[in-house]
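> Any chance you could fold what I've pasted below:
(2 chains)
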Amino acid sequence: MNARLVGWLMLAVWAGWIAAAQGLLAAQPVFARLVPDALLCLFLACAARFESADLPKVALLCGMARVAYSIEPPAAILAGFLAAAFGVRAVASVADLDGASVRTVLAGIVGYGLSAWLFVVHEAREGATGELGPELLAQLPGALATAALAFLAGPALARLPGLTPLRRRRW
Amino acid sequence: MGLTRSRTLYLVLLLGLAFLSLRPIAPVEYLLDAALLPSRALAELGAPIAWLQSREVRASSREQVAARERELAASAELERSVLASVVGERTRAGPEALWVHGEVVGRDREELDRIRVRLADDRGAEVGMPVVSGEFFVGLVSRVPGRAAAASEPAAQRHAREIEVQLITGADARIGALVVGASGEPEAELVAGGIAPPVDAIYLDVHHPSRSRLEGGAVVVDEPAYLAGEHTPLANGYLLGELERVRVARGSRDERTLLCIRPGLDYAAGLYQVLVLVPRGAEPPADPGADPLAGGPLEDPEQGAWRGARLFLRSELSPWREGRKLALGRRHGVALGSALASGARLAGRVTRAGPLSSDVRLLGDPGVEVAALAMIGDVPHVMGRIVGLGRSADGSLRFRWEAAVPIEAVDGASEVPATVWTGSGEHGVPRGLLLGETRLPCGRGPHTIRLRQPAGAREPRDLSVWTGPAGPLELLAPLLAWREPGG
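Here you go, the predicted structure:
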């Protein structure tokens, strides 16, 4: 079997497991607001190590893994991941995504942007159910947790077993 | 960055998805669901992680089993109280009419002022017969479909038990009425019907009052026999509501008052159980006026059934959301709005039904809506629709309640303890499912109420989902049912 195809399948498996595992944490009231978006960290780690042409595919695959477990509208989740891919690609043209500071800041910003986007979509579809300001502020701890996870585990996520065929070769 | 063809396509896809997120278009979402079918396989991949979670879940304790049995018994008791309460004193005492019991099962999609009512027994129901609920007038029977075909074809029989009722809120609905003052004497005549021009709540419109200087009083139906349809006078004496002068602000300097009727029923969301008045001497119902439960509850197994359900793992990162994926979809008969229940408790409602899986909003999710009924002691009170505002820090559920029909304060109490259940009239949600306990504020709304759920309700188990018929057409339902927003 094509090694890259196996790599994509393995990425799908890891994305599915990570999405499920972060759900376990989110279900605990203690961690409720501090659960990092590990799926987003996986996406950013792959963005740093994979060919840039593969970035939209990684975004779609991670988006599908989120769609599999989330009740947020699939269109909103996919739009969020594709927008993140667009932004990450732009940043990659001027900075090294593998650098600790860049990946940490980027994870925080993209994590916050994604959760804020999903909140805005919910409000737009349902009519305002809460106060926008406080709710958007409430997303900050989660974004900080995502940044922390990207700082600590970013490189390891890109080295998960089975992803080698997809990683960019370095000379 | 220059715009290559692939980048342009990428941007178009991104903007299209963003637009679809904010302005959902059902057929496009349906196609997206189909394209994302492989994601269900990813959900199944989480099974090993679900096993880890299941170790933490203990078997149901004896207390929980006993509590569930108590809830089922209370649900049956609620059924009796609700069905009994719909027969008002006037109906029991009325010498002219018998009645046929009916449950509101939905509304006409084209016209919200028409409701669909499933009758316990449709023999005797005819177009033009009055429909009442308790002491209040609801409207007139506008359609009794398919009676000829009923006997020969089971499918038609099912629909033959459903009639259509034109509410008094309809734009062209009119009925004669009397204003009765505090002394009990008639003070004026008027014609009532339709919705009054925009004010802060739903009021019935007043036409051609015989006196202009009216300030208040009870409004009762009084349709003269020479003007009325054959059966309409059977509704004479039933209440429409209270006459009020309502301020209508039209800019800061232009303010006027309008004579309106504050209805005694919540016509928008609070019609659950009704009676069709049948003249004595007409073809009688099977056992008119008897215990409506005598022939069994109005459930029709062909309308839907409970089906065992399994949820995928929770993976909602947003702490303010409470939703789960259900491992059943339209292929299995799950439809938008279907109830998810755990025993006699309502756990949530389906908010999106995909081909093979569905999204369920649990009761703690902001925006979840349900038609509710409160039991205050042993007296039912129709609450109408309540809308979820999310879960409080103390774990209770917050709901917005418009209180279109407020609870009257007794002995100066500002709140009354109540148990809240599901009402009728919403597709896919059977009546009599427990939501929780609360203290309901008295007086006009809107109010924010806090519901305390029974123990263990936050992580529901032994789940069932309400399913309708499953088949190829149900799979295409979103495409067939879609129409332009506002159309």
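
> Residues contacting the lowest-mean-pLDDT helix or strand in chain A, please?
The helix or strand of chain A with the poorest confidence is helix A:132-138; it has a mean of 74 (mean pLDDT, DSSP states H and E). Helix A:132-138 has contacts (Cβ atoms under 8 Å, 6 or more residues apart in numbering or on different chains) with A:Arg33, A:Ala116, A:Phe119, A:Glu123, B:Pro319, B:Trp320. Every residue, glycine included, has its C-beta placed from N, CA and C.

> swap in stretch B:6-21?
The contact list for stretch B:6-21 (Cβ under 8 Å, 6+ apart) reads A:56, A:73, A:75-76, A:78-79, A:82-83, A:86, A:121, A:124, B:1, B:3, B:28-29, B:32.

> Let me see the contact set for residue 113.
Picking chain A for this. Residues near A:Gly113 by Cβ under 8 Å, 6+ apart: A:Gly80, A:Ala83, A:Ala84.

> you looked at the wrong chain, it should be chain B
B:Gln166, B:Leu167, B:Thr169, B:Gly170, B:Ala171, B:Ala173.

> SS state for the first one?
If I follow you right, that is B:Gln166. Secondary structure assignment for B:Gln166 (DSSP: H, G, I helix; E, B strand; the rest coil): strand.

> Give me the neighbour count for it.
For B:Gln166, the tally of surrounding residues (other Cβ atoms under 10 Å in any protein chain shown) stands at 22.

> Could you do the one 3 residues further on as well?
Other residues near B:Thr169 come to 22 when the count uses other Cβ under 10 Å.

> Got the phi and psi for it?
phi -80, psi -10 (degrees, to the nearest 10).

> Can you give me every residue that contacts it?
Going by Cβ under 8 Å, 6+ apart, B:Thr169 touches B:Asp113, B:Gly139, B:Gly193, B:Gly194, B:Ile195, B:Ile202, B:Leu204, B:Pro263, B:Tyr267.

> among these, which two are most distant?
B:Gly139 and B:Ile202 (14.3 Å; Cβ to Cβ).

> So between those two, which is more surrounded?
B:Gly139 (26 against 18).

> Wasn't the more buried one part of a helix?
No - looking at B:Gly139 with three-state DSSP, it is strand, so not inside a helix.

> what's around the residue nearest to it when sequence neighbours are not counted, how many residues?
Leaving aside its chain neighbours, B:Gly139 sits nearest to B:Leu167 (4.2 Å; criterion: Cβ to Cβ, 6 or more residues apart in numbering or on different chains). Neighbourhood size, B:Leu167 [other Cβ under 10 Å]: 24.

> separation between B:Leu167 and chain A?
B:Leu167 sits 25 Å away from chain A, going by Cβ to the nearest Cβ, to the nearest Å.

> what's near enough to touch that residue?
Contacts for B:Leu167 were tallied using Cβ under 8 Å, 6+ apart; they are B:Asp113, B:Arg114, B:Ile115, B:Val138, B:Gly139, B:Ala173, B:Tyr267, B:Leu271.

> For the residue in the stretch 1-150 of chain B that chain A sits nearest to, give me the pLDDT.
Nearest to chain A, among the residues of the stretch 1-150 of chain B, is B:Gly46, at 3.2 Å (Cβ to the nearest Cβ). Model confidence at B:Gly46, given as pLDDT, is 75.

> In contact with it, which residues?
Counting by Cβ under 8 Å, 6+ apart, B:Gly46 has contacts A:Gly16, A:Trp17, A:Ala19, A:Ala20, A:Gly23, A:Ala68, A:Tyr69, B:Phe312, B:Leu313, B:Ser315.

> Same list, those residues, but as a markdown table with pLDDT, secondary structure and distance to B:Leu362 please.
Output for those, formatted as a markdown table (pLDDT from 0 to 100; DSSP: H, G, I helix; E, B strand; the rest coil; distance: Cβ to Cβ, whole Å):
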| residue | pLDDT | secondary structure | distance to B:Leu362 |
| --- | --- | --- | --- |
| A:Gly16 | 88 | helix | 22 |
| A:Trp17 | 87 | helix | 24 |
| A:Ala19 | 85 | helix | 19 |
| A:Ala20 | 83 | helix | 18 |
| A:Gly23 | 75 | helix | 14 |
| A:Ala68 | 88 | helix | 18 |
| A:Tyr69 | 85 | helix | 14 |
| B:Phe312 | 80 | coil | 13 |
| B:Leu313 | 74 | coil | 14 |
| B:Ser315 | 64 | coil | 14 |
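
> Find the pair from the residues you listed with maximum spatial separation.
Maximum pairwise distance in the contacts of B:Gly46, criterion Cβ to Cβ, is 13.0 Å, between A:Trp17 and B:Phe312.

> Looking at the two, which is more packed in?
Per other Cβ under 10 Å, whichever of A:Trp17 and B:Phe312 has more neighbours is B:Phe312, with 23 against 19.

> Which residue comes closest to that one once chain neighbours are left out?
Distances taken as Cβ to Cβ, 6+ apart put B:Lys325 closest to B:Phe312, at 4.1 Å, once the chain neighbours are dropped.

> now the one helix or strand that neighbour maps to, how far from the centre of its chain.
Using DSSP states H and E, B:Lys325 sits in strand B:323-326. Distance, stretch centre to chain centre, for strand B:323-326: 23 Å (Cα atoms, centre = their mean, to the nearest Å).

> which of the residues in stretch B:391-400 are buried?
For stretch B:391-400, the neighbour count (16 or more other Cβ atoms under 10 Å in any protein chain shown) marks B:Arg391, B:Ser396, B:Leu397, B:Arg398, B:Phe399, B:Arg400 as buried.

> what do you get for stretch B:24-41?
By neighbour count on 16+ other Cβ under 10 Å, the buried set for stretch B:24-41 is B:Pro24, B:Ala26, B:Val28, B:Glu29, B:Tyr30, B:Leu32, B:Asp33, B:Leu36, B:Ser39, B:Arg40.

> Quick check: longest helix in the chain by residues?
Reading this off chain A. helix A:100-126 (DSSP state H).

> ah, I was thinking of chain B
As assigned by DSSP H, the longest helix anywhere in chain B is helix B:62-85.

> Beyond that helix, next helix or strand please.
Remark: after helix B:62-85, the chain's next helix or strand is helix B:89-93, criterion DSSP H and E.

> mean confidence score for that following helix?
For helix B:89-93, the per-residue pLDDT averages 74.

> What is whatever helix or strand comes next after it packed up against?
Next along the chain after helix B:89-93, taking DSSP H and E as the criterion, comes strand B:97-107. Contacts defined by 3 or more Cβ pairs under 8 Å, 6 or more residues apart in numbering or on different chains; DSSP states H and E place strand B:97-107 against strand B:114-119, strand B:273-279.
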